[in-house]
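Visitor: predicted structure and sequence below. I'll ask about it afterward.
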Amino acid sequence: MAQKKQAEQPHPRQEPRFDRPLSLENLKEIFTGCVDFMERTVYLNGDRQRTVTVCYLLGLTRNERLSDYILRPLAQDRSLSQAPEGELFSLLQYGALYNLAAIRRDKLDDVVNDLLLGSCALFFPGRMDVLTLPVPTEEKRGVGEPENEPALKGSRESFVESIRTNTAMIRRKLKAPQLKIKEHIVGRQSRTQVDVLYLEDMADPETVKQVEEKLGEMDIDGLEAAGNLEEYLADTARSPFPLMAYTQRPDRLCQGLLEGRVALLADGIPLGWMVPGTIDQFFKTGQDRAYHWMVASALSLVRYFCALITVLLPGLYIALVTFHPEAIPPKLALSIVAAKQEVPFSTIFEVLTMLLAFEVIQEAGLRLPSPIGATVSILGGLVVGNAAVEAHIVSPAVLIAVAIAGVAGYTQPSQDFGNALRLWRFLLAILSSLGGLFGLSLGCAGLIYHLARLESFGVPYLAPFTTGTKMPRGHPSLLRLPLPRMKWRDGAVNSKNRRNQR
Amino acid sequence: MRTALALVLALCLLLSGCSGLPTAREMGDMALMRTMGVDQAPDGVEMTVSTGPRAKGLQAEGEKALVLSAQADSLSAACLTIQGHSDSYVFYGYVDQLLVGEALAQEGIKPVLDYFARDEELGLGAQLWLVRNGTARQAVESGGEAGVDGRLSTLQLDGKLGEASISRTAGEIYSDLMEQGAAFVPALAVGELEDASLTESGYGVWKGTRLVGYLEGEAARGLELLVGRAPAEVLTLELEENRVSVRVSMVNTTVNLGVQGKTPTKLRITCRADLAVTEYDQELSRAQQDAISRQMEEKLMDRLEGALTALQQWEADCVGLGLRGAALHPRAWSEIQEQWPVWFGELEPDINLQVVVHE
């Protein structure tokens, strides 16, 4: 009855996936039609009476390991032909084979999973259990430099697609047994490993529990893109603002762990996420702690200022030029009037069109291969822009305002946050064109209201600037104080141990 | 969902015109007025407005300044009439120079200041100038094709830098009239020659809202000393075998009001003037320095007394001596404040002048 009910569900979940007795025949049936499924029967030390069948998936296992550590001992080890039949399994599991691990499996589902993760399985005639030995291939991209978060003064390591390489990089930086790494498998078809990392004596257990529960609830076909994780774990559907900060840099992820946050790594995605995500996370860079505190603080202020510029400038321009010209300094007003006289379009149309054109050029540049993309950007930005101004189709002031807003957006360390600001820039420009500064103020109030409603794993998104958590702040969020003075972890993260240094 | 819907509907209602939202206007169609002149006219007032030099298009040559004029019963009516005279939308938000003709100044300035204070485009931040022996229209038109705005801006900037008469905003004058009952305003004279520009011509003094007279020459410099501003001039002194140029570099004037009960008894003015010797034929001796000090003391004292005498005669404390002096006697001041102009006219000033010469 329960099975029937489950089958009637639109997307029934099947646990275990292969609920059959463990046997070589059943395994072969499961992998019927899979050209990469391999099996080989081996005589133990040439004894035709004693055989073992080795199964593996071609391409997922490393041939040298399989040959040297598994097949060679099976074929050549004399003790295997002389050992009593009953002890043969134990002998192979506990020493005769040179592999790092040998796991006894008695469920077909587990064996299938092991094969898919790069293990080989040893089937013994007449036995209902199997020995699986992980011999995964190490074909993967080498650890390179983080292209999105370049380091001028610091580590040049970047996450790669292999989750174990990534966890190893974290382990090498945080050599503490308190660093816990828990694995979850997400995706029915992709069976992607997603690891939850946290420092046991710092991270908020409630956050860890929430993350693990949400991962457990994820029932999707495959985890192929970063959005799969972000949109299922955090409630991002109502907001364009990112609720989970991500990084390419292991050192930055380690810093997040040291702040008491919980980190996530997914196999196949060269990124690490840190939760809970609060708004200040998206203004920080991995280099903030590398520079002198005064420089880092100044740059932090510049980033906040640029966020305001990118989101407000087009709307402010429309509001001032169209509704409140008296607020513009006279000399600037005169030049705007002079530049505007021969332009046939309204300021509102000009700004909105230029904003759209800016997005189009940017999108075209991104979609094309980089040499052509650069050409498109130059052609679109400089040539067309200049021609449009000379032909009096747009006024230079509009071009400058839109360009400044666009360039200011690129100062945001988080691409996702910058994209959210781009969307709001349009909305505020439209509101300004309807109601001037009144519309803009209404939009700003809406933006603050929207941000104030957001939460990431129970922590207010604006936590660094509010008292929503009723926990004291660790240190000012706008500035980066000298490191010896940053003695406290941020209160909003609910760290178990708030003091971070003597 | 309901909340979101209600918000969207409220927004639509607000933005659909059922609200007090401002009206959109393109700046390309605007004539930005920089200077406004107001005169008395037989039927009411005459308003003359002028733009500065205007750029036509991006790379084209500058157009000549646009000057528009209209007579009407009231200032707002004159503004509306001017609007009808122009091809562009006349925008008064950038009027930062206000010229008032002498006839109107004698009649009363308050309606003009009131209008500037209340109008949504105009404001009391505009610089106020009094046109002496002439009309504001003449002054506005004296700018020719370039407009008078440049000249007035230069005078204003020079005034701030201490290189010309003290420039004052309409707001400063308005608040002086409200608080002190009197105010001074820089006066300008329109040159008689065709190409002559506006020149400084002392200060006009308003008592209540009417012009009571002018301080010019030495008396005008005396008023600047009373305010605590170094006059913008270089004085040449003839000493024995030495010709010296001296400039007052800094002035510090403090006022103390002697009060006995409810009766003001003394108006003590202490003025310290620092002199900078800018040029000389020979190195100054100690005796020559003393001589400079004596001569300048005499000169500055004459100026102070000249200005004070005129102001007392008009019973117009336009530099706020009473307010400044009464800072230590707030209770007594509240009693005598109403009658202060009368007291001011009768009090014997006690001026203590100290001159310090810096070589």
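Guide: Noted; the coordinates are in hand.

Visitor: residues of the stretch 251-400 of chain A that sit close to chain B?
Guide: A:321-326, A:330, A:333-343, A:346-348, A:389, A:392, A:396 (C-beta under 8 Å from any C-beta of the partner chain). Backbone N, C-alpha and C define where each C-beta goes, glycine included.

Visitor: count of neighbours near residue B:200?
Guide: Residues within reach of residue B:200, counting by other C-beta atoms under 10 Å in any protein chain shown, total 19.

Visitor: just the buried ones from the residues of the stretch 251-400 of chain A next to chain B, in ChimeraX syntax?
Guide: In ChimeraX syntax, the buried subset of these is picked out as below (16 or more other C-beta atoms under 10 Å in any protein chain shown):
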select /A:321,322,323,324,325,326,330,333,334,335,336,337,338,339,340,341,343,346,347,348,389,392,396
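
Visitor: where are the low-confidence patches of the stretch 201-350 of chain B?
Guide: Across the stretch 201-350 of chain B, nothing is flagged by pLDDT under 70.

Visitor: and the strands in it?
Guide: B:210-215, B:234-239, B:242-260, B:263-280, B:349-358 (DSSP state E, counting those that start in this stretch).

Visitor: out of those, which is closest to residue A:135?
Guide: Among the strands of the stretch 201-350 of chain B, the nearest to residue A:135 by C-beta to C-beta is strand B:242-260 (90.6 Å).

Visitor: that closest one to strand B:234-239, inter-axis angle?
Guide: 110 degrees (axes from the mean of the first three to the mean of the last three C-alpha atoms, to 10 degrees).

Visitor: wait, residue B:345 sits on residue B:317?
Guide: No. Checked against C-beta atoms under 8 Å, the pair residue B:345 and residue B:317 is beyond contact range at 9.0 Å.

Visitor: tell me the average confidence for the helix or strand where residue B:117 lies?
Guide: According to DSSP states H and E, residue B:117 maps onto helix B:110-118. Averaged over helix B:110-118, pLDDT sits at 91.

Visitor: what's the angle from the next helix or strand after it to strand B:210-215?
Guide: For helix B:110-118, the following helix or strand on the C-terminal side (DSSP H and E) is strand B:127-132. Angle of strand B:127-132 versus strand B:210-215, following the same axes, to 10 degrees, is 80 degrees.

Visitor: near chain A, anything from strand B:127-132?
Guide: No. Counting by C-beta under 8 Å from any C-beta, no contacts exist between strand B:127-132 and chain A, the nearest distance being 12.7 Å.

Visitor: by how many degrees do that strand and helix B:110-118 diverge?
Guide: Using the same axes, to 10 degrees: strand B:127-132 against helix B:110-118 is 160 degrees.

Visitor: what packs against the helix or strand following strand B:127-132?
Guide: Downstream of strand B:127-132, the next assigned helix or strand under DSSP H and E is helix B:136-141. Packed against helix B:136-141, as judged by 3 or more C-beta pairs under 8 Å, 6 or more residues apart in numbering or on different chains; DSSP states H and E, are the following elements: strand B:30-41, strand B:44-51, strand B:67-72, strand B:97-101, strand B:127-132, strand B:182-190.

Visitor: tabulate those (JSON lines), appending mean neighbour count, distance to residue B:202 and mean pLDDT.
Guide: As requested, the helices and strands packed on helix B:136-141 are arranged in JSON lines below (neighbours: other C-beta atoms under 10 Å in any protein chain shown; distance: least, C-beta to C-beta, whole Å; pLDDT from 0 to 100):
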{"stretch": "strand B:30-41", "mean neighbour count": "25", "distance to residue B:202": "19", "mean pLDDT": "90"}
{"stretch": "strand B:44-51", "mean neighbour count": "24", "distance to residue B:202": "23", "mean pLDDT": "92"}
{"stretch": "strand B:67-72", "mean neighbour count": "18", "distance to residue B:202": "27", "mean pLDDT": "92"}
{"stretch": "strand B:97-101", "mean neighbour count": "27", "distance to residue B:202": "15", "mean pLDDT": "94"}
{"stretch": "strand B:127-132", "mean neighbour count": "26", "distance to residue B:202": "8", "mean pLDDT": "93"}
{"stretch": "strand B:182-190", "mean neighbour count": "25", "distance to residue B:202": "5", "mean pLDDT": "92"}
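
Visitor: now render those strands as a markdown table, adding distance to residue B:143.
Guide: Formatted as a markdown table, those follow (distance: least, C-beta to C-beta, whole Å):
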| stretch | distance to residue B:143 |
| --- | --- |
| strand B:30-41 | 8 |
| strand B:44-51 | 7 |
| strand B:67-72 | 8 |
| strand B:97-101 | 10 |
| strand B:127-132 | 13 |
| strand B:182-190 | 11 |
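
Visitor: next up, phi/psi of the spatially most central residue of chain A, please.
Guide: Using C-alpha atoms, centre = their mean, the residue of chain A that lies closest to the mean C-alpha position is residue A:271, 4.4 Å off. Torsion angles at residue A:271 (phi, psi; degrees, to the nearest 10) stand at phi -140, psi 160.

Visitor: pretty sure it contacts residue A:244?
Guide: No. Counting by C-beta under 8 Å, residue A:271 stays clear of residue A:244, with 10.1 Å between them.

Visitor: next, the contact list for residue 304, please.
Guide: Going with chain A. Neighbour list for residue A:304: A:283, A:478 [criterion: C-beta atoms under 8 Å, 6 or more residues apart in numbering or on different chains].

Visitor: not quite, I wanted chain B
Guide: Contacts of residue B:304 (C-beta under 8 Å, 6+ apart): B:222, B:225, B:226, B:269, B:271, B:351, B:353.

Visitor: comparing residue B:345 and residue B:317, which shows the higher neighbour count?
Guide: Each of residue B:345 and residue B:317 has its neighbours counted (other C-beta under 10 Å); residue B:317 has more, 26 against 14.

Visitor: what's the closest non-adjacent residue to that one?
Guide: Of all residues not flanking residue B:317 in the chain, residue B:344 sits nearest, at 4.7 Å (C-beta to C-beta, 6 or more residues apart in numbering or on different chains).

Visitor: separation between that neighbour and residue B:264?
Guide: Distance, residue B:344 to residue B:264, using C-beta to C-beta, to the nearest Å: 8 Å.
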